[in-house]
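Q: take this sequence and fold it.
(one chain, ligands or ions: 1)
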Amino acid sequence: MTKVLVNGAGGFIGGHLVKRLKSEGFWVRVVDIKPHEFSVIPADEFIVGDLREPQVVKDAVSGIEEVYQLAADMGGAGYIFTGDHDANVMHNSATINLNTLEFGVKAGVKKFFYSSSACIYPEYNQLDPDNPKCSEESAYPAAPDSEYGWEKLFSERLYFSYMRNHGVAVRVARFHNIFGPEGTWTGGREKAPAAVCRKVAEAPDGTHIEIWGDGKQTRSFLYIDECVEAVRRLMQSDFAGPVNIGSEEMVTINRLAEMAMQIAGKKLELKHIPGPTGVRGRNSDNRLIREKLQWSPSEPLSAGLEKTYHWINAQVEKARQTA
Ligand code: NAD
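A: The predicted model follows:
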């Protein structure tokens with residue numbers, strides 16, 4: 001049985017990934033600074049520990065063949081674009097990656113998966129909401145619009161440096177807005193699909209919800225099961241990346257809100273207010289992943305959004321009952 005470690009499996013993507021890895025027969029150890037909030041993770045071993053601490057990482061990588069490194073100090077626009085968390089985001093996430101590679105290689109780990117982000121792409125290519133450019137090679141000359149993006153770019157380079165100098169295999173994916181049930185939906189770190197679903201679920205019919213900016217900024221969103229499938233394909237392939245894992249179904253945030261309203265069966269006004277919005281336009285470019293892994297998302301955005309809305313609506317109901 002291959003022994004794998006998933007860093008950050010107390011979180012959204014890591015939690016789903018562990019379920020998939022267990023269903024495939026892996027022996028799975030997990031480390032996170034906190035338990036999973038919404039789900040019992042079927043790991044063989046769950047270490048609650050801080051990956052900034054060398055000893056925690058040394059214990060975590062011991063006896064492990066493959067590492068999935070998903071732990072990061074992260075959140076949605078309300079967390080990474082305000083500037084208030086920049087030092088933590090850079091210090092915490094870089095330290096986790098430095099520790100994971102250094103102690104992982106020393107312990108004999110053979111392969112590392114690293115979750116980078118579409119936030120590494122230069123702001124100058126994402127000014128036109130209808131025509132953003134996010135092909136993998138367009139990352140340079142680098143000009144991410146957040147320190148979160150800069151740390152991801154640094155860490156991508158760190159993984160490839162260890163690959164070149166220490167002979168380990170690495171796989172680097174750039175995730176584009178992954179969403180779904182069992183992810184952060186409130187509290188300030190939630191991302192746009194969860195925030196929009198929560199606002200729609202909470203608003204009485206005929207009232208309004210608030211949208212940051214003019215809502216004309218564009219994004220694409222990938223459902224969690226599709227993301228996990230692409231991650232597994234990348235790990236099994238002989239392609240190191242970096243490669244986009246995302247959807248090419250680009251929508252405005254206003255359109256995303258309308259889709260959520262349709263699912264909820266509610267009519268709500270959109271009230272546009274000032275807020276952190278990130279780049280004007282962003283879409284995944286899937287040409288490389290189609291070519292290398294023969295992978296594309298299998299379902300439209302509406303299908304994933306429906307599952308996510310119903311899960312968030314249930315959380316909102318639960319919160320109401322306990323209030
Ligand atoms: P998440 O916040 O739900 O999960 C990250 C986990 O890392 C959390 O459970 C957190 O407790 C843990 N963590 C943070 N600091 C830690 C520390 N010092 N020690 C131990 N654990 C620590 O985020 P997610 O959405 O599951 O994202 C997973 C990865 O994918 C992250 O690296 C993120 O940057 C990347 N990513 C996600 C998206 C997305 O849309 N969700 C997009 C691009 C990239």
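
Q: helices or strands next to the helix or strand harbouring residue 291 in the packing?
A: Under DSSP states H and E, the secondary-structure element containing residue 291 is helix 287-293. Judged by 3 or more Cβ pairs under 8 Å, 6 or more residues apart in numbering; DSSP states H and E, the packing partners of helix 287-293 are helix 224-236, strand 243-245. Heads up, the C-betas are built off the backbone N, CA and C, glycines and all.

Q: make TSV out of the ones you listed and add distance to the ligand.
A: Written out in TSV, the entries for those read as follows (distance: least, Cβ to the nearest ligand atom, whole Å):
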stretch	distance to the ligand
helix 224-236	8
strand 243-245	9
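
Q: deepest-packed of those, please.
A: strand 243-245 (a mean of 26; mean count of other Cβ atoms under 10 Å).

Q: can you list the strands that that strand pairs with?
A: strand 169-175 (parallel) (DSSP bridges).

Q: in the strand it pairs with, what's buried?
A: Under the neighbour-count criterion of 16 or more other Cβ atoms under 10 Å, strand 169-175 has 170-175 buried.

Q: make a markdown table out of those residues and add distance to residue 281 and pLDDT.
A: Compiled in a markdown table, the buried residues of strand 169-175 are given as follows (distance: Cβ to Cβ, whole Å; pLDDT from 0 to 100):
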| residue | distance to residue 281 | pLDDT |
| --- | --- | --- |
| 170 | 30 | 98 |
| 171 | 27 | 98 |
| 172 | 23 | 99 |
| 173 | 21 | 98 |
| 174 | 16 | 98 |
| 175 | 17 | 98 |
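
Q: just to revisit the earlier point, make a markdown table out of the helices and strands packed on helix 287-293 and add mean pLDDT.
A: Below are the helices and strands packed on helix 287-293 laid out as a markdown table (pLDDT from 0 to 100):
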| stretch | mean pLDDT |
| --- | --- |
| helix 224-236 | 98 |
| strand 243-245 | 98 |
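
Q: now those in TSV, with distance to residue 78?
A: Converted to TSV, those look like this (distance: least, Cβ to Cβ, whole Å):
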stretch	distance to residue 78
helix 224-236	21
strand 243-245	23
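
Q: contacts for stretch 233-241 next, please.
A: For stretch 233-241, the external contacting residues (Cβ atoms under 8 Å, 6 or more residues apart in numbering) are 66, 68, 111, 113, 136, 160, 163, 169-174, 243, 245, 292-293, 295.

Q: again, only using 7 Å
A: Outside stretch 233-241, the residues within contact range by Cβ atoms under 7 Å, 6 or more residues apart in numbering are 113, 163, 170-173, 243, 292-293, 295.

Q: which residues touch residue 3?
A: Going by Cβ under 7 Å, 6+ apart, residue 3 touches 27, 63-65.

Q: now the helices for the stretch 151-300 of the chain?
A: Under the criterion DSSP state H, counting those that start in this stretch, the stretch 151-300 of the chain contains helices at 192-202, 224-236, 253-264, 287-293.

Q: can I get those in TSV including distance to residue 154?
A: Shown next, in TSV, are the helices of the stretch 151-300 of the chain (distance: least, Cβ to Cβ, whole Å):
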stretch	distance to residue 154
helix 192-202	25
helix 224-236	21
helix 253-264	29
helix 287-293	22
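
Q: contacts for stretch 89-107?
A: Counting by Cβ under 7 Å, 6+ apart, stretch 89-107 makes contact with 7, 51-52, 54, 57-58, 61-62, 64, 67, 69, 71-73, 80, 112, 147-148, 151, 154-155, 158-159, 162, 166, 168, all of which sit outside it.

Q: and that stretch, how far out from the chain middle?
A: The chain centroid and the centroid of stretch 89-107 are separated by 18 Å, computed with Cα atoms, centre = their mean, to the nearest Å.

Q: same check on stretch 268-281?
A: On Cα atoms, centre = their mean, the centre of stretch 268-281 falls 21 Å from the chain's centre.

Q: residue boundaries of the strands in the stretch 1-150 of the chain?
A: Using DSSP state E, counting those that start in this stretch, the strands assigned to the stretch 1-150 of the chain run over residues 3-7, 27-32, 45-48, 66-69, 111-117.

Q: which of those is buried the deepest?
A: Each of the strands of the stretch 1-150 of the chain was scored by mean neighbour count; the highest is strand 3-7, a mean of 26, by mean count of other Cβ under 10 Å.

Q: mean confidence for that one?
A: Averaging pLDDT along strand 3-7 yields 98.

Q: so which of the contacts of residue 3 is the closest to the ligand?
A: The shortest approach to the ligand among those belongs to residue 64, at 15.6 Å (Cβ to the nearest ligand atom).
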